[in-house]
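Student: For reference, the sequence and a predicted model appear below.
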Amino acid sequence: MIKNRTAEVTAALILVAPFVLIYAVLFIYPTIQMVAMSFTNAPLIGEGEWIGLKNYTKMFADRRFQTSVINTFYFVLLTVVPNTLIGLGIAMMVNRLKGWQQSIILALFFLPYILPVSVVFRIWNWMFDMQFGVMQFPIEFLFGQRVPVFRTPALFLPAVAFVTIWWTCGFNILLFLAGLRSISPEMYEAASLDNAGRWKQFTRITWPLIWPVTALVLTIQLILQLKIFDQVYLFVQGGRADPSMVMVQYIYTTAFQKSQGGYGATIAVALFVIIIAMSVLQFTVLRARGEK
């Protein structure tokens, strides 16, 4: 028994060791280095002097850092819940289709997700173009004139959020569709026999049973949108970045453009803590909601 147990543990360690080694090299070690660097005034490349908590003191008094935090949370508010609800709604409609119709519609919704961000930027930069963009027609109808959306601070983040939802919604649809397919049709048949309408079937059967999938989608979306960078960086080109600065963009500007590696690492540590805290808090709340 002891020999068998030892053999099982040894085999498990051998199988797990490559993952642990890669995880340590690619995540744990860089994280430790990032935290250590945040206590120095090091440039992007090279050593720096130990300055203690001066970077953190500077960060909390930094107006641009405060702006980036506000914009990041505003973007999360614009995208996480709407993206989840839209994905759920489309998945429920797609789930009612059968055969080749379902495959085609699902492929059309998932197609944007496989596009690189540079292609998404080109598509929507053209769509919102002041001269020939097709999106300017509804904008002109609503505002009475054509508007440079990506040059207007009040419209910039909502427009990028709209593009982001269009781009990433396909993945959410797939997750929700997998959850919907796991629900037995017999449950809906039994509910129909009890004269339960569609809304009651959704609130009593569909929503509770796909809640774990909903919690997963919300958590994934929260982490992804807290790290928003690509879309904002591309769409802000040619405009003033400060009003629309998000946290990852500020890290990039500070560390890579200004070569302030120590201060950039400090902002990265702050983002790291925010992501962990928000993810744990959301997961705990959602799990508690699912257990009720």
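Tutor: Looks like it came in fine.

Student: Number of residues surrounding residue 204?
Tutor: Neighbours of residue 204 under the rule other C-beta atoms under 10 Å: 13. (Each C-beta comes from the backbone N, C-alpha and C, glycine too.)

Student: so it makes contact with residue 194?
Tutor: No - look at residue 204 against residue 194 with C-beta atoms under 8 Å: they stay out of range, at 10.1 Å.

Student: So residue 187 sits against residue 208, correct?
Tutor: No - using C-beta under 8 Å, residue 187 is not in contact with residue 208; the gap is 10.8 Å.

Student: After the strand or helix carrying residue 208, which helix or strand is next?
Tutor: For residue 208, the host element (DSSP states H and E) is helix 207-209. Using DSSP H and E, the helix or strand that follows helix 207-209 towards the C-terminus is helix 211-226.

Student: Please export the C-alpha coordinates of that following helix as CSV.
Tutor: Output in CSV follows, covering the C-alpha atoms of helix 211-226 (Å, rounded to 0.1, in the frame of the first residue of the first chain):
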residue,chain,number,x,y,z
TRP,A,211,-26.5,30.8,-13.3
PRO,A,212,-23.0,29.1,-13.0
VAL,A,213,-22.4,30.0,-16.7
THR,A,214,-23.6,33.6,-16.0
ALA,A,215,-21.2,33.9,-13.1
LEU,A,216,-18.3,32.6,-15.3
VAL,A,217,-19.1,35.0,-18.1
LEU,A,218,-19.3,38.0,-15.7
THR,A,219,-16.0,37.1,-14.1
ILE,A,220,-14.2,36.6,-17.4
GLN,A,221,-15.7,39.9,-18.7
LEU,A,222,-14.7,41.8,-15.6
ILE,A,223,-11.1,40.7,-15.8
LEU,A,224,-10.8,41.3,-19.5
GLN,A,225,-12.4,44.8,-19.4
LEU,A,226,-10.3,45.9,-16.4
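
Student: What is that helix packed up against?
Tutor: With contacts defined as 3 or more C-beta pairs under 8 Å, 6 or more residues apart in numbering; DSSP states H and E, the packing partners of helix 211-226 are helix 63-95, helix 153-181, helix 261-291.

Student: before we move on, back to that, off-centre distance for the helix holding residue 208?
Tutor: 23 Å (C-alpha atoms, centre = their mean, to the nearest Å).

Student: who does it touch, helix- and strand-wise?
Tutor: Using 3+ C-beta pairs under 8 Å, 6+ apart: helix 207-209 touches no other helix or strand.

Student: what's the average pLDDT for it?
Tutor: When pLDDT is averaged over helix 207-209, the result is 87.

Student: coming back round to it: out of the helices and strands packed on helix 211-226, flag the one nearest residue 22.
Tutor: Nearest to residue 22, of all the helices and strands packed on helix 211-226, is helix 261-291, at 19.6 Å by C-beta to C-beta.

Student: what about that closest one, distance to the chain center?
Tutor: With C-alpha atoms, centre = their mean, you get 13 Å for helix 261-291.

Student: Next, the buried residues of that helix.
Tutor: In terms of neighbour count (16 or more other C-beta atoms under 10 Å), helix 261-291 has its buried residues at 261-271, 278, 282, 286.

Student: relative to helix 63-95, how tilted is it?
Tutor: Interaxial angle, helix 261-291 versus helix 63-95 (axes from the mean of the first three to the mean of the last three C-alpha atoms, to 10 degrees): 40 degrees.

Student: for helix 261-291, packing partners?
Tutor: helix 29-37, helix 54-60, helix 63-95, helix 211-226, helix 247-252.

Student: mind checking which of those is nearest residue 162?
Tutor: helix 63-95 (8.3 Å).

Student: for that closest one, packing partners?
Tutor: helix 99-110, helix 153-181, helix 211-226, helix 247-252, helix 261-291.

Student: Now tabulate these in CSV and tack on distance to residue 125.
Tutor: Below are those laid out as CSV (distance: least, C-beta to C-beta, whole Å):
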stretch, distance to residue 125
helix 99-110, 22
helix 153-181, 9
helix 211-226, 21
helix 247-252, 18
helix 261-291, 27
